[in-house]
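> Sequence and predicted model, in that order:
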2 protein chains.
Amino acid sequence: MILENGGVCSPKGFKAAGAATGIKAGNSGLDMALIVSDVMCSAAAVYTQNKVCGAPITVTRRNIADGRAQAVICNSGNANTCAPGGIELAEKVCEMTGDALNLKAEDIVVASTGVIGQKLNIEPFEKGIPMLADMLSAENGQKAAQAIMTTDTVPKSIAVEFQISGVTCTIGAIAKGSGMINPNMATMLSFITTDTAITSEMLQKALSEDIKTSYNQICVDGDTSTNDTVAVLANGLAGNPVIDGEGEDFDAFCEALNQVTVHIARCLARDGEGATKLIECNVEGAPDDRTAQIISKSVIASDLLKAAVFGADANWGRVLCAIGYAQGDFSADNIDVSMSSRAGSVLVCAGSRHNLYSEEEASRILSEEEIVIDVNMNQGSGKATAWGCDLTYDYVRINGDYRS
Amino acid sequence: MILENGGVCSPKGFKAAGAATGIKAGNSGLDMALIVSDVMCSAAAVYTQNKVCGAPITVTRRNIADGRAQAVICNSGNANTCAPGGIELAEKVCEMTGDALNLKAEDIVVASTGVIGQKLNIEPFEKGIPMLADMLSAENGQKAAQAIMTTDTVPKSIAVEFQISGVTCTIGAIAKGSGMINPNMATMLSFITTDTAITSEMLQKALSEDIKTSYNQICVDGDTSTNDTVAVLANGLAGNPVIDGEGEDFDAFCEALNQVTVHIARCLARDGEGATKLIECNVEGAPDDRTAQIISKSVIASDLLKAAVFGADANWGRVLCAIGYAQGDFSADNIDVSMSSRAGSVLVCAGSRHNLYSEEEASRILSEEEIVIDVNMNQGSGKATAWGCDLTYDYVRINGDYRS
């Protein structure tokens, strides 16, 4: 069940805060977030695979190597990446956060997002961390969601409630992504909290499996960020029997986690830079799920298809083209493609050939804000979904602007 | 030596023609080209790796399996891809071309470019092929270059003269790419002629090696076309000792071929849809050449970097980001990046860290039409170059328009 106005403070025992510390130059907006659990958590995270990797990732990776963490500190406005003294600064931030919360520095998750290559100063943290510690409240989940935004146009937040062995558990999450105050690529961050009792091993397993069908299936511009981080803290306060292996309880947790992450993934894609439309591509009939994932992502990542959707043009040749250059062992000889929205649905391609349809109707369907492209590969039972957005003049404007 | 106004008719014994046959609806422009050698040629070709593959490619692949061909027939305006009866039509076109020229159908290279998924009719060929056969002339190389254009804004053509064992040989080429009258992805075609005497095996070897550093190193939007074809015809009329193995003569041929293909590759990138600037990325100091190729292509393919160049913004963080997500085994810890144009040069990043430079000077440099990004990976002797273009409002406009 999705909770109204849910977020990282919806699970039991989590508090949060957001503050304006001046990192975002010339901008009085919130730029620092703190999320804290009342008790120690199992922790798991996944990171960017970019070889140029933000300093905070190096420190967070080390801090949660033991599967434990209790708080998240995150700033926006500067990615602390390719910047002098970045690792020392991230370590110092953990120390200061630990001091303010009476926690060990090694139990802090640290993250940064914003422009690459500029020095991040310690002063905003000296000012901000005590301020955040004072403001911590279970009412402040949305503040934290706002404080990690860059050029996001809306904060992204969700919480779901579910049952494990008859016990009510909750997962909450916030994320930022697909926009930048100072254009850069430190794009995607997501922090997930839960009161579910689960070991860090099973938490990592759940997360690593989950991202294959959620965060890894979105694309705005094909540029993999240097700072992408998804971290989960599970504090166990729901009181369910600890999940320490596979089985019904683990499955229930994974299902709820996927509900949260898919929701966030869709929000990120919909709020892609300059986007006017969300594009969802469902692939079925592929040889296997992995191939379906690759195909669906190839479709929503195609600049040509993205521009066609912007123009409400049912140019299905671009869908077939993007399928055709996807990596994998599959046949492209018998593909069906439909395009849908709440305005209707039209089969544009059957058996990899043109299917007679009305261009006017297709254009009307593609003029809606949420476009679904259904692909049937007609050769197996593999399926997957990916999410993207249209390519617009505003994407060029946002990213062609001077950093200023 | 580059020949003035050179093209596919610059080598001895080649004639060409271009005609308007009505395939491009509502457009009286040239849309069919014919290139013919006086004598049988060694032939070699490379094709798209897209699994959705144009019908003409299937037929051409079969026709030059024996390493021989004598003519090229090519239409623009319709890709003959995912269209009913496409292979039969391409076969029929070869037959008709053979009849008109007194050649066998199996010695014809056939190619098409334009919108995907629409039936291509035989009537324009019935009208066009005899017309083209009548117009064949060694003066018509530019006409052929024009007739294969779609939304290209300029025809692409070149010829170079070089020596093999003291004999003057010539290679000429035309290409189309990066634009579409009816937006689609049948993007890149290039036809190369030469009077060099060379076996088809060595010709294929030269071409397959060549494209790794020329055509495969350009990117406009990351969408691999369904109809990409590069074909070479070598008729031997220069009279050089036949090249039938490796050695000095083969090297001389490869060098001249690379001069031709790199020139064409740069022209294609510069004329990318909506482009206002050519971007060249030179990578040196990589572990090996292959890694350097991957890195340089990753840089020029980044939408974020392309948009930054459009905005004359020296956002080098995007260069490092694109290097970082390139596949391969390399370190990203000590990278130098310079940006240059005829207005000057500026070192923007040293040792993967910000190097102090004037943003005003960088912006002035990036306001020119030809931008060079030099990357030193500082870890080996591998080097490579790739070419792309900026991402502009016009790219979105061109590809967001209705097909009409």
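Good, I have the coordinates.
> in the stretch 101-250 of chain A, which segments are predicted with low confidence?
Low-confidence segments of the stretch 101-250 of chain A, defined by pLDDT under 70: A:178-188, A:218-226.
> Run the chain-centre distance for stretch A:273-293.
Distance of stretch A:273-293 from the chain centroid (Cα atoms, centre = their mean, to the nearest Å) equals 16 Å.
> Stretch A:92-107 too?
Offset of stretch A:92-107 from its chain centre (Cα atoms, centre = their mean): 26 Å.
> Give me the buried positions along it.
A:92-94, A:96-98, A:100-101, A:103-107 (16 or more other Cβ atoms under 10 Å in any protein chain shown). Where you see a C-beta, it was placed from the backbone N, CA and C, and this is true even at glycine.
> wait, isn't residue A:382 in contact with residue A:287?
Yes - the criterion here is Cβ atoms under 8 Å, and residue A:382 meets it with residue A:287 at 5.6 Å.
> if you count what's nearby, which of those two comes out ahead?
residue A:382 (21 against 17; other Cβ atoms under 10 Å in any protein chain shown).
> That one pairs with what?
Counting by DSSP bridges, residue A:382 forms beta bridges with residue A:286.
> now it: how far from residue A:95?
48 Å (Cβ to Cβ, to the nearest Å).
> Could you do residue A:353 as well?
Here the distance between residue A:353 and residue A:95 works out to 64 Å (Cβ to Cβ).
> swap in residue A:340?
Distance, residue A:340 to residue A:95, using Cβ to Cβ: 53 Å.
> Tell me which residues touch residue A:294, please.
A:326-328 (Cβ atoms under 8 Å, 6 or more residues apart in numbering or on different chains).
> Just want the phi and psi numbers for it.
With angles defined as degrees, to the nearest 10, residue A:294 sits at phi -60, psi -40.
> Which pLDDT value does the model give it?
Looking at residue A:294, its pLDDT is 90.
> what does residue A:260 give?
86.
> and if you look at residue A:2?
We have a pLDDT of 87 for residue A:2.
> remind me, longest helix of chain A?
Secondary structure of chain A per DSSP state H: the longest helix is helix A:248-270.
> Tell me the helix or strand right after the longest strand anywhere in chain A.
Ranked by residue count under DSSP state E, the longest strand found in chain A is strand A:32-47. Per DSSP states H and E, the first helix or strand lying C-terminal to strand A:32-47 is helix A:55-63.
> Between strand A:32-47 and that following helix, find me the angle.
On the basis of axes from the mean of the first three to the mean of the last three Cα atoms, to 10 degrees, helix A:55-63 is oriented at 70 degrees to strand A:32-47.
> does helix A:55-63 come close to chain B?
No - judged by Cβ under 8 Å from any Cβ of the partner chain, helix A:55-63 makes no contact with chain B; its nearest approach is 11.6 Å.
> what's the helix or strand just after that helix packed up against?
Under the assignment DSSP H and E, the closest C-terminal helix or strand after helix A:55-63 is strand A:68-78. When contacts are defined as 3 or more Cβ pairs under 8 Å, 6 or more residues apart in numbering or on different chains; DSSP states H and E, strand A:68-78 sits against strand A:32-47, helix A:86-101, strand A:108-115, helix A:123-135, strand A:189-194, strand A:229-234.
> Let's see that with 6 Å instead.
Packing contacts for strand A:68-78, counted by 3 or more Cβ pairs under 6 Å, 6 or more residues apart in numbering or on different chains; DSSP states H and E, involve strand A:32-47, helix A:86-101, strand A:108-115.
> between the ones you listed, which one is nearest to residue B:170?
Among the helices and strands packed on strand A:68-78, the nearest to residue B:170 by Cβ to Cβ is strand A:108-115 (51.7 Å).
> Counting by contacts, list what the closest one packs against.
helix A:55-63, strand A:68-78, helix A:86-101.
> between whichever strand or helix holds residue A:372 and helix A:248-270, how many degrees?
Assigned by DSSP H and E, residue A:372 belongs to strand A:370-376. Strand A:370-376 and helix A:248-270 are oriented at 120 degrees to each other (the same axes, to 10 degrees).
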